[in-house]
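Engineer: Give me the fold of what follows.
(chains A and B)
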Protein chains: 2
Amino acid sequence: MTVLEELIQALSRMPGIGKKSASRIAYHLLQTDQELNTRLARLIHGIQKKIIRCSTCGSFTETDENPCTMCTSPSRDRGTLCIVEHPQDVLTLENTGAYHGLYHVLDGVISPLDGIGPDQLQLGKIVIRIRESGIREVIIATNPTEEGDTTALYIAHLLKDLQVRVTRLASGIPVGGDIEYADRITIARSLRGRTELGR
Amino acid sequence: MTVLEELIQALSRMPGIGKKSASRIAYHLLQTDQELNTRLARLIHGIQKKIIRCSTCGSFTETDENPCTMCTSPSRDRGTLCIVEHPQDVLTLENTGAYHGLYHVLDGVISPLDGIGPDQLQLGKIVIRIRESGIREVIIATNPTEEGDTTALYIAHLLKDLQVRVTRLASGIPVGGDIEYADRITIARSLRGRTELGR
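Structural biologist: Residues are numbered from 1 along each chain as shown, chains lettered A, B, ... in the order given. This is a model prediction of the structure:
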C-alpha cells in the first residue's frame, strides 16, 4: 500500500467520509500549503490531550478550564439543567441560542441490547447536583428513540422525590417539514403534544 | 477560539467538508483511539514529502519511484497515452480497470479567463514524449467543459503533423460534469466509445 492509499484509508475512517471524499481530501492535502497540513496534523495529534471532560457536567472543555466555562459562568441560568446523551449535543443546543441554562452529559442511553444499564451512565451525579444546587427545572433532551424514551422515563422516576420540574424536549413534525411525509409515530406524538394557540 | 474550534475550522477547509461534518469529525477524533489520531496526523504531516510528481507523466508517485510505476511498467500498453487535467484523474481512470496505457498530466486546462494559456500547461513535453516513444494513439481525457473542449482541440492541432491517432473520451460523462465524480461504468463506456477528433 502506498502512503497515499494509507492516508485515504485513514481519512475514510472518519464519520461521513467515504472512499471518494477521502481521495478528494488526500489530493487536496497533497496540493495545499504544507504549513496548513502541519497545523492540522498538530491539532489532530494533540486534541485528546488538550480537550478533557468537565468534571461537573461531562461536556468537553480545555484542560485549564475545569469545571468548564458553562458550569462556572455567572451569566447562565443556574436554575435549569438540560440532560443530553452526548457531549456534542451540548454544542448543537448552544448553537440554537435558545437555551441559557446548565448541562449534564449522560454519555449514552439505557440500551439493554448493547448491555448499557443505568449504572453505565452519569446518572447518580445528577441527583447530587440537583440536591446541592438551586435547580428548579430539568429538561431531558435525549433523542426521541426507544432508548432515549426509556432513559427519559427512568430519569423522571429517579427525580420524582426531588422538588424539581422535569420536562422533555417536544417531539413532532420538524419546522419546514410536511405532514404528508412524516411517519405515523411522529404525527401521533405531535398530536399528543399539541400546544394551545394564542387567541 | 478553543482548540476544538480551531480543529473544526481546520477540518472545514477540506473539500466537501462543511461546518457540521467538521464538528462530527472533530468529536470523533476526541473519542477515538489516540494511536489512530497519531497515525493520521503523521500521514497528513508527511504526505507532501513522501509523494512527489513523476518527472515523466506528472502524476503522483512515491519519492523513491521516479519515474512512477506506471511509466516504467513493462506490462502496460506503451503505445497509448492518455492526457488528463489533474493527477487525481489518473487514479479515477485506473480504478475503472478499462485503461492500460500511459498517462500525461496537463496540470490544468486552457482558460483565458483565469489567465491560463497553453504555455502554463505541460504541453511541450507531450510532443517530445510522442516523438521519442512508440505512441500510436493519444486519448484526450480533459473534462467535457468549455475549457476542456478548447484544450482538447488545441492538443489535436498541436499533434496534427505527428503519426499518431488522436481521440477523445466519449461524452458518456454529463457535459459540465467532472471526471473525478463520474462513476466507473460511465468512464469505462466513454473510453470504449472514444471518437476521432477532426483535424
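
Engineer: now the longest helix along chain A, how far from the centre of its chain.
Structural biologist: The longest helix of chain A (DSSP state H) is helix A:34-50. Averaging C-alpha positions (Cα atoms, centre = their mean, to the nearest Å) puts helix A:34-50 24 Å from its chain's average.

Engineer: Now do the strands in chain A.
Structural biologist: A:51-53, A:60-62, A:80-84, A:102-105, A:137-140, A:165-168 (DSSP state E).

Engineer: Mean pLDDT for the ones you listed - can I get that in CSV?
Structural biologist: Formatted as CSV, the strands of chain A follow (pLDDT from 0 to 100):
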stretch, mean pLDDT
strand A:51-53, 93
strand A:60-62, 92
strand A:80-84, 94
strand A:102-105, 95
strand A:137-140, 92
strand A:165-168, 91
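
Engineer: Generate CSV for the ones you listed, with mean neighbour count as supplementary columns.
Structural biologist: Backbone N, C-alpha and C define where each C-beta goes, glycine included. Below are the strands of chain A laid out as CSV (neighbours: other Cβ atoms under 10 Å in any protein chain shown):
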stretch, mean neighbour count
strand A:51-53, 18
strand A:60-62, 21
strand A:80-84, 22
strand A:102-105, 24
strand A:137-140, 20
strand A:165-168, 16
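
Engineer: so which of those gets nearest residue B:180?
Structural biologist: Among the strands of chain A, the nearest to residue B:180 by Cβ to Cβ is strand A:51-53 (34.4 Å).

Engineer: Show me what the closest one is packed against.
Structural biologist: With contacts taken as 3 or more Cβ pairs under 8 Å, 6 or more residues apart in numbering or on different chains; DSSP states H and E, strand A:51-53 sits against strand A:60-62.

Engineer: Adjacent strands (with direction) for the strand it packs on?
Structural biologist: When pairing is defined by DSSP bridges, strand A:60-62 lines up against strand A:51-53 (antiparallel).

Engineer: outside of the strand it pairs with, which residues touch it?
Structural biologist: With Cβ atoms under 8 Å, 6 or more residues apart in numbering or on different chains as the test, strand A:51-53 has contacts from A:59-63, A:66, A:87, A:105, B:2-4, B:30.

Engineer: if you look at stretch A:159-175, does any of it touch chain B?
Structural biologist: No. Applying Cβ under 8 Å from any Cβ of the partner chain, one finds stretch A:159-175 out of contact with chain B, separated by at least 15.9 Å.

Engineer: Lovely, talk soon.
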